[in-house]
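[1] Build me a model from this:
(one chain, ligands or ions: 1)
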Amino acid sequence: MTEDIGALQKRLRSGSLPHELLKPGHEVALRSGDRQLTRDELRTGAGQVAGGLSDLGVRTGDRIALYAANSLDWVVAYLGVQRVGACAVMMNPDYHSAEAEHILQDSEPTAVIADADRAAIVAKLGLRVIRLEEVPRAATPPMPDLTPDAPAAILYTSGTTGRPKGAVLDHGNFLAQGRGALEVWRWTARDVLVHALPLFHLHGLGMGIHGSLLSGGSATLVPFTPAAVVAELTRNDAERGTMFFGVPSMYHRLCDWLDENPTDLSHVRVFVCGSAPLPPALFERCDRLLGQPPVERYGITEGGIVVTNPYDGPRQPGRVGYPFPGVEVRLGELDEVLLRGGQVFKGYWRNPDATAEAFTPDGFFRTGDVGEIGADGTLAIRGRIKELIITGGFNVYPREVELVLEAHPAVQEVAVAGVPSDQWGEEVTAYVVPSLAARLIESELIAFAHERLASYKCPKRVITLDRLPRNAMGKVQRSLLTK
Ligand code: AMP
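    Prediction:
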């Protein structure tokens, strides 16, 4: 008998993070450099941090912000916050004072766990700082009584338009996301994830850390460099990486490095890629240099990773695949991708207006992305609705133009955006990082586009750049391009 969707979601959401993530065991759970922590050590460490926080007066439901670079201590502190039943406020360690101030004022945490480099910024804001290097520890308190609906973390959206909003994810959301990942990528206790993603982001936290702990496998934290990642994937011992998760800009760098230093990586079980589009040319390059194409997946802070190419079936370049277990995907007005399911959040922090706007009357979350669902049921992402260019009265989706330009041999990377223009309203403009292989001639690239696209979609101008401005997750920051 097949399980109905309600029962499936209930099962995927059941439990709470501290209960499900902190299981006993002698096996290694986390590594970084020459430090490692077994599951028992992690469980004890998180329990003691929970004890220390509890002694400081932190209670279930309080908020504790984390503002520090990736490290094992970060993970232990985060799990301590979960273990005490508090809600973790995730902060990008690259935030400057003004950005940090917005998030801290909005989330009003009881305290901020910050590393040495960031503690001064927090102290200046008059908030209570707990230094990551000196998080207090005390006897482990009893397990908090948490339902799947209890808030587990607030993750701020990238804020490419307007100020970042705090998406509140509950325990059930994260557990459904993590359990879904185990199923779709066949993640087991034998896996070792090479983890080079930011921990404050859903991809690094919800997939990387939660998935590893739920699977019973382990994760090795490395700062991203191709050499460090390849070194972990080619070790000669039981710690050899079996999985790598990255964003497209990481795969670019990995492929460049592998071109110079050919290495057999065909034994790696799976490479997963997402957070920004994986250009088909890079998909092919990965296939050649890594020995397999990455599994491209699509996700969003408010919903987790929701769609993925199949692990076993064909991985299609330019398409993001099928929904995660228990996730419903459909297209709304303007072909907007709409999501519903146990892993999708319920609302923004103290922002009922934004929450109301974000959902359809029947409870689907509006992603703001434009999609296309093929005859085989796979989804393709065509861009953000807000990035739509309106030129001479016609609508142009940048991604469609980018896909065409990316196929030109002189183009290594490209981002297309609309630049205000008296004549056109907005002028389609291509920002191109030229490849080393061929010379880029503006008129030639424009002619190339005209052979493949309706005239109104073709760039009027081509601007060459050394690199595209990207955020920590490798997403192109279009607002910086057109400034
Ligand atoms: P974030 O909330 O920071 O994870 O950003 C989510 C956004 O990243 C989505 O709304 C998409 O616009 C974009 N995104 C994530 N994965 C992909 C993908 N595989 N292809 C294209 N865009 C993606």
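[2] Count residues in the vicinity of Glu3, would you?
    12 (other CB atoms under 10 Å). Where C-beta positions appear, they are placed from N, C-alpha and C, glycine not excepted.
[3] tell me the SS of it?
    coil (DSSP: H, G, I helix; E, B strand; the rest coil).
[4] Tell me the spacing between the nearest residue to it once chain neighbours are set aside and Pro164.
    Once flanking residues are discounted, Glu3 sits nearest to Arg11: 7.4 Å by CB to CB, 6 or more residues apart in numbering. In this view, Arg11 and Pro164 are 33 Å apart by CB to CB, to the nearest Å.
[5] what's the longest helix anywhere in the chain packed up against?
    The residue-count maximum for a helix in the chain (DSSP state H) belongs to helix 39-55. Contacts defined by 3 or more CB pairs under 8 Å, 6 or more residues apart in numbering; DSSP states H and E place helix 39-55 against strand 28-32, helix 72-83.
[6] Pull the number of nearby residues for the residue nearest to Asn471 when sequence neighbours are not counted.
    Closest residue to Asn471 apart from its sequence neighbours, by CB to CB, 6+ apart: Gln477 at 5.7 Å. Residues lying near Gln477 (other CB under 10 Å) number 14.
[7] show me what contacts the residue of the stretch 201-350 of the chain found nearest the ligand?
    Nearest residue of the stretch 201-350 of the chain to the ligand, counting by CB to the nearest ligand atom: Thr301, 3.3 Å away. Contact partners of Thr301, counting by CB atoms under 8 Å, 6 or more residues apart in numbering, are 155-158, 167, 201-202.
[8] hey, what's Asp170 bridged with?
    Asp170 forms beta bridges with Pro151, as assigned by DSSP bridges.
[9] What's the per-residue pLDDT of the residue of the chain most remote from its centre here?
    Taking CA atoms, centre = their mean as the measure, the residue most remote from the mean C-alpha position of the chain is Gln423, 38.4 Å away. We note a pLDDT of 82 for Gln423 in this prediction.
[10] State the three-state secondary structure for it.
    Reduced to three states by three-state DSSP, Gln423 is coil.
[11] Repeat that for Thr140.
    Thr140 is classified as coil under three-state DSSP.
[12] wouldn't it be in contact with Gly45 here?
    No - using CB atoms under 8 Å, Thr140 makes no contact with Gly45, being 9.9 Å away.
[13] Domain-wise, how is the chain divided?
    As assigned by automatic domain parsing, the chain contains the domains 5-380, 388-481.
[14] Point out the most buried one among these.
    domain 5-380 (a mean of 19; mean count of other CB atoms under 10 Å).
[15] now the end-to-end length of that domain.
    With CA to CA, to the nearest Å applied, domain 5-380 spans 24 Å between its terminal residues.
[16] what about it, distance to the chain center?
    Counting by CA atoms, centre = their mean, to the nearest Å, domain 5-380 is centred 6 Å from the centre of its parent chain.
[17] pLDDT of it, averaged?
    Taken as a whole, domain 5-380 carries a mean pLDDT of 96.
[18] quick thing: my sequence starts at 164, can you match it?
    I'll keep to 164 as the first residue from here, and by that count the last item is domain 168-543.
[19] For the stretch 214-363 of the chain, just list every one of the strands.
    In the stretch 214-363 of the chain, the segments counted as strands under DSSP state E, counting those that start in this stretch are 226-230, 250-253, 274-277, 292-294, 314-319, 329-333, 355-358.
[20] What are the contacting residues of the second one?
    It stands for strand 250-253. For strand 250-253, using CB under 8 Å, 6+ apart, the contacting residues are 224-229, 241, 244-245, 266-267, 270, 272, 314-319, 329, 331, 363-364, 368.
[21] Likewise for the fifth one?
    Contacts with strand 314-319, where a contact means CB under 8 Å, 6+ apart, come from 179-180, 224, 226, 245, 250-255, 266, 270, 327-334, 336-337, 363-365, 368, 464, 512.
[22] Give me the angle between it and strand 329-333.
    With axes from the mean of the first three to the mean of the last three CA atoms, to 10 degrees applied, the angle from strand 314-319 to strand 329-333 works out at 150 degrees.
[23] Strand 314-319 near the ligand at all?
    No - interface with the ligand: strand 314-319 contributes nothing (CB under 6 Å from any ligand atom), its closest point being 7.9 Å away.
[24] quick one: that strand to helix 235-246, angle?
    With the same axes, to 10 degrees applied, the angle from strand 314-319 to helix 235-246 works out at 130 degrees.
[25] by how many degrees do strand 314-319 and strand 226-230 diverge?
    Using the same axes, to 10 degrees: strand 314-319 against strand 226-230 is 40 degrees.
[26] Pairing partners for Phe434 in the sheet, please.
    Phe407.
[27] wait, isn't it in contact with Pro457?
    Yes - assessed by CB under 8 Å, Phe434 is found in contact with Pro457 at 4.2 Å.
[28] and the strands of the stretch 214-363 of the chain as TSV, adding distance to Asp218?
    Listed next are these as TSV, based on distance: least, CB to CB, whole Å:
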stretch	distance to Asp218
strand 226-230	14
strand 250-253	18
strand 274-277	12
strand 292-294	12
strand 314-319	22
strand 329-333	26
strand 355-358	31
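[29] got the contact list for the closest residue to Gly220 other than its chain neighbours?
    Distance criterion CB to CB, 6+ apart; nearest residue to Gly220, sequence neighbours excluded, is Thr273 at 7.5 Å. Contacts for Thr273 were tallied using CB under 8 Å, 6+ apart; they are 220-221, 225-227, 249, 291.
[30] Which single one of those residues is nearest to the ligand?
    Distances from the ligand to the contacts of Thr273, taken by CB to the nearest ligand atom, are shortest for Arg226, at 20.1 Å.
[31] which residue sits closest to the closest one, ignoring its sequence neighbours?
    Counting by CB to CB, 6+ apart, the nearest residue to Arg226 once its immediate chain neighbours are dropped is Pro272, at 4.3 Å.
[32] Would you agree that neighbour is in contact with Ile227?
    Yes - in this structure Pro272 lies within contact range of Ile227 using CB under 8 Å: 5.6 Å.
[33] Point me to the residue of the stretch 164-313 of the chain nearest the ligand.
    Evaluated by CB to the nearest ligand atom, the stretch 164-313 of the chain has Asn255 as its residue closest to the ligand, separated by 10.5 Å.
[34] which element is the residue nearest to Glu166 on?
    Per DSSP states H and E, Arg174 falls inside helix 168-176.
[35] Show the average pLDDT along stretch 565-574.
    Mean pLDDT, stretch 565-574: 93.
[36] That stretch close to the ligand?
    No - with CB under 6 Å from any ligand atom as the criterion, the ligand is not reached by stretch 565-574; the gap is at least 10.7 Å.
[37] Distance from the chain centre to that stretch, please.
    The answer for stretch 565-574 is 25 Å, by CA atoms, centre = their mean.
[38] could you give the angle of the longest helix of the chain to strand 226-230?
    120 degrees.
[39] that older thread, contacts with the ligand among the contacts of Thr273, please.
    Among those, not one lies near the ligand by CB under 6 Å from any ligand atom.
[40] Which member of these is positioned nearest Pro187?
    Of all the contacts of Thr273, Ala249 has the smallest distance to Pro187: 22.6 Å, by CB to CB.
[41] so what's that closest one up against?
    Shown in contact with Ala249 (CB under 8 Å, 6+ apart): 216, 221-227, 273.
[42] 7 Å instead, please
    Counting by CB atoms under 7 Å, 6 or more residues apart in numbering, Ala249 touches 216, 221, 223, 225-227.
[43] do the same with Lys328
    Lys328 touches 319-320, 511, 514, 517, counting by CB under 7 Å, 6+ apart.
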